[in-house]
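A.B. asks: coordinates only, no sequence provided:
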């Protein structure tokens, strides 16, 4: 079985957004770049976290990866 490293299969360049980027703009950037996550950086360009499609789940933030409203997602 072949062994791969993260560096061999990672996407480049990294897609980043600043901490103060709106959720809508973050989602639009992810869609435009066809990626499932972005690296979040602070004002100095240092990594402060990651946002993924999962972070936009209907229970948390229904925008725009989910077409469900929070009530619909809860089964109401």
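C.D. replies: Happy to help now that I have it. Note that the structure is a prediction, hence the values are computed from the model and not measured. Numbering: from 1, shown residues only.

A.B. asks: what about stretch 15-30, distance to the chain center?
C.D. replies: 8 Å (CA atoms, centre = their mean, to the nearest Å).

A.B. asks: just the strands in the protein please.
C.D. replies: Using DSSP state E, the strands found in the chain span residues 16-18, 37-41, 47-52.

A.B. asks: pull the residues that contact the longest one.
C.D. replies: Outside strand 47-52, the residues that touch it by CB atoms under 8 Å, 6 or more residues apart in numbering are 17, 19, 26, 30, 36-42. Any C-beta I mention is one placed from the backbone N, CA and C, and that applies to glycine too.

A.B. asks: circling back to that earlier point, out of the strands of the chain, which is the most enclosed?
C.D. replies: Neighbour counts (mean count of other CB atoms under 10 Å) averaged over each of the strands of the chain peak at strand 37-41, with a mean of 17.

A.B. asks: give the partner strands of that strand in its sheet and their orientations.
C.D. replies: strand 16-18 (parallel), strand 47-52 (antiparallel) (DSSP bridges).

A.B. asks: roughly how far is it from the heart of the chain?
C.D. replies: Computed by CA atoms, centre = their mean, the chain-centroid distance of strand 37-41 equals 7 Å.
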